[in-house]
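Below is the sequence, then the predicted model.
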2 protein chains.
Amino acid sequence: MSKKRVSIKDIAAVAGVSHPTVSRALRGEGRIGEDTRARVVAIAQEMGYTPNLVARGLVMQRTRSIGLVVTNIGDPFHAEIIKGVEHVAQAHEYSLFLGSTTANPEQEVRMVRSFQARNVDGIIISAGQFGDRYAEVLDEIDIPIVLISTHSTGDTLYSVTHDDYTGAGQIMAHLLAQGYQRIAYLGHLSGGRVDRERRNAWLDALAQANLIQPVTVDVQGSTIDTGMEAVDALLAKAERSWGQLPDAVFCYNDLLAIGVLSGLRRRGLRVPDDVAVAGFDGLEVTPHVAPPLTTLAQPRYEMGVRATEMLLGLLTDKVTAPPHEVQLRGELLIRESTVKGDS
Amino acid sequence: MSKKRVSIKDIAAVAGVSHPTVSRALRGEGRIGEDTRARVVAIAQEMGYTPNLVARGLVMQRTRSIGLVVTNIGDPFHAEIIKGVEHVAQAHEYSLFLGSTTANPEQEVRMVRSFQARNVDGIIISAGQFGDRYAEVLDEIDIPIVLISTHSTGDTLYSVTHDDYTGAGQIMAHLLAQGYQRIAYLGHLSGGRVDRERRNAWLDALAQANLIQPVTVDVQGSTIDTGMEAVDALLAKAERSWGQLPDAVFCYNDLLAIGVLSGLRRRGLRVPDDVAVAGFDGLEVTPHVAPPLTTLAQPRYEMGVRATEMLLGLLTDKVTAPPHEVQLRGELLIRESTVKGDS
DNA sequence: CTGTTAGCGCCTTCAC
DNA sequence: GTGAAGGCGCTAACAG
């Protein structure tokens, strides 16, 4: 087991040919005799040869690997994206480097630099704020980059985004159609553009419906617990502004919404009869919480897939420049958390 | 931006020294004059030098990278493990290759081979069946390997496991203490050792309590939907064996349990009054489903951390051999899904 | 068709 | 303290 890893040189020695010949034989490339090719391949097989991709990467200046930066691996939103990226990468025989940044901007830059040092062929970034603030940093990097969920601000950047404004508009249209009037927004402070679009859609919808002064609470994280803890502030702020409870809460994402559901229940409030709740993202669990959560399902897996395909396109067809931005749309899923008297 | 990447040779030329000197200066290693060191570092900084880790990996025969194989990235169980692995790797300046296998055994082997070709320094496998069936394959690979959730069967394998038997025993003890008698088990066919241990604990507990003939249904996947769909079969089988419904269902994991909750509700059965439900894993959402789910929380993040520390230990302290197996214990979380009249 | 030579970028002996 | 060779394993140019 501790035998030295066999190289093409070793094979060459056994086969009585030169290493380049072995190289050609193994890759089935370049002019080479079918007889020797078969023989070399057989010997390589028998000796248990595994190509050294590091060496190949050095000489080829292409490593057949891509780097993926996400803010938080634990977040189910990113999990599906990672899955999409991984599947496409694997299908094209690319290896995937994964790095998380915990929403730390410095860390994001460091991660990209690390990928650069590893000579990855391309980078995908699914980290909210990156495009917003680090366009210049990314511009000096001579590696194709595709952003997910972030608009591209530089010419060298590509992106796959979701139409959050339209999606949030759909949520709001649904809530308004259900007759809700005091619709509060639970926002995510470090949500960057994503939070901004959802918030704007909410505000615009309220304005168009001539509704009373908006109430919003903003939190730092976007976890279930954060949502649960935000309920007090939310209710208090509504009481102060409106003199009564909100009749609906539109949450930045599903995790926050799930937390809000729990927070409301703990206070003895019923959903949707006392307060309706809507989320965003379309996590798998949303049909199974109590009550089932209305949400806007983003095609997260597909976003990962499209981003990767875009990146691989940049790596091969340097001619046919792909569009710099692909924008996808989600699907409104109406469930009990916003529909009264339907149970 | 399209300027060629600067190498230590370029720096050497500018600084008027030789490349080895630059190399030494940049790594702060080997005897070198403080004056030249500072100058070289400054020049490197100014020229925007990024070390080429591929080249370094080739000569050093160590890439400072590790490979992680998981069955399914989307599964929240694995997500936390990945997180733990990634954090430790990052802290030690290791890069992480990630690959998923969709529970396909061939794919698992292929993934490991791919990591081997990339010259990773070590491999972590969190894929249920691997250790069971591929010990020989892993044995011929001259790279340290740490298994998660799987016992090691060979001398060269290391593992971090969870004490599922004890954990499942705790669940059963709790159910029995609550007075449940017709406790069915919803199992996972491809669960390998993990399913086996939980199932055995269930069986043993039933036997010790002198309870009636066991009823079990086994499914292929371990998703929410699978759990939901299994409810019919579960109820039917119980009716056939016992002439009545089960009064409790112990599920292989939380995802299945969440599906069972939904399936029962859809049939108008109340949890826990008609049927109690218990899961396994301790997913973050379990307190937020309806009703909150009793489960056994595995320290998933810590498992990832420990596995990685173990692996890094193998890579450095070749002398002090770490134990081949680390076994962790989870925590029983008792919630409403198994406790009657507590709401 | 195949062998020879060269080099990817870096680190590691060794001389000096 | 520093420079001059040599090589990690592989592919790419050219010869032959």
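Sure thing, it's come through. Numbers count the residues shown, from 1 in each chain, chains lettered A, B, ... in the order given.

got the buried residues for stretch A:217-230?
Neighbour-count burial for stretch A:217-230 flags A:V217, A:D218, A:V219, A:G221, A:S222, A:T223, A:I224, A:D225, A:T226, A:G227, A:M228, A:A230 (criterion: 16 or more other CB atoms under 10 Å in any protein chain shown). Placement of C-beta: from N, CA and C, glycine included.

close to chain B, is it?
Yes: for stretch A:217-230 and chain B, the contact criterion (CB under 8 Å from any CB of the partner chain) is met by A:T223, A:I224.

And stretch A:16-29, by the same measure?
No: residues of stretch A:16-29 are not located near chain B by CB under 8 Å from any CB, the shortest gap being 12.3 Å.

hmm, who's touching that stretch?
Residues outside stretch A:16-29 that contact it (CB atoms under 8 Å, 6 or more residues apart in numbering or on different chains) are A:7-9, A:11-12, A:15, A:30-32, A:36-37, A:40-41, A:44, A:49, A:51.

ok, and the most crowded of these?
Counting neighbours by other CB atoms under 10 Å in any protein chain shown, A:V40 leads those with 26 neighbours.

For that residue, pull up the helix or strand it's in.
A:V40 belongs to helix A:34-47 when elements are defined using DSSP states H and E.

quick one on the thing from earlier: now, which of the contacts of stretch A:16-29 lie close to DNA strand D?
Among those, proximity to DNA strand D is found for A:S7, A:I8, A:K9, A:P51 (CB under 7 Å from any atom of the strand).

Please narrow these to those residing in helices.
A:I8, A:K9 (DSSP state H).

what's the most distant pair in the ones next to DNA strand D among the contacts of stretch A:16-29?
Of all pairs drawn from those, the greatest distance, 12.8 Å, lies between A:K9 and A:P51 (CB to CB).

Show me which residues of chain A are close to DNA strand C?
Contact residues (CB under 7 Å from any atom of the strand) of chain A with DNA strand C: A:16-21, A:24, A:30-33, A:35-37, A:55, A:58-59, A:61.

from the contacts of stretch A:16-29, which two are the most distant?
Maximum distance among the contacts of stretch A:16-29 (CB to CB): 22.9 Å, for A:S7 and A:R31.

List the residues that contact A:T71.
Contact analysis of A:T71 by CB under 8 Å, 6+ apart lists A:H78, A:S100, A:T101, A:T102, A:A103, A:S126, A:A127, A:G128.

A:R306 now?
When contacts are counted by CB under 8 Å, 6+ apart, A:R306 touches A:G84, A:V160, A:V326, A:L328.

if you set the cut-off to 10 Å instead, what comes out?
A:G84, A:V85, A:V88, A:V146, A:I148, A:V160, A:P299, A:V326, A:L328 (CB atoms under 10 Å, 6 or more residues apart in numbering or on different chains).

among these, who's most crowded?
Within the contacts of A:R306, most neighbours by other CB under 10 Å means A:V85, with 32 neighbours.

Now do whichever helix or strand that residue is part of against helix B:76-91, angle only.
For A:V85, the host element (DSSP H and E) is helix A:76-91. Following axes from the mean of the first three to the mean of the last three CA atoms, to 10 degrees, one obtains 80 degrees for the angle between helix A:76-91 and helix B:76-91.

Would you mind putting the buried residues of stretch A:217-230 into JSON lines with pLDDT and distance to A:E309 alongside?
Output for the buried residues of stretch A:217-230, formatted as JSON lines (pLDDT from 0 to 100; distance: CB to CB, whole Å):
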{"residue": "A:V217", "pLDDT": "97", "distance to A:E309": "39"}
{"residue": "A:D218", "pLDDT": "97", "distance to A:E309": "35"}
{"residue": "A:V219", "pLDDT": "96", "distance to A:E309": "35"}
{"residue": "A:G221", "pLDDT": "87", "distance to A:E309": "32"}
{"residue": "A:S222", "pLDDT": "90", "distance to A:E309": "28"}
{"residue": "A:T223", "pLDDT": "93", "distance to A:E309": "31"}
{"residue": "A:I224", "pLDDT": "96", "distance to A:E309": "33"}
{"residue": "A:D225", "pLDDT": "96", "distance to A:E309": "36"}
{"residue": "A:T226", "pLDDT": "96", "distance to A:E309": "34"}
{"residue": "A:G227", "pLDDT": "97", "distance to A:E309": "34"}
{"residue": "A:M228", "pLDDT": "96", "distance to A:E309": "38"}
{"residue": "A:A230", "pLDDT": "97", "distance to A:E309": "38"}
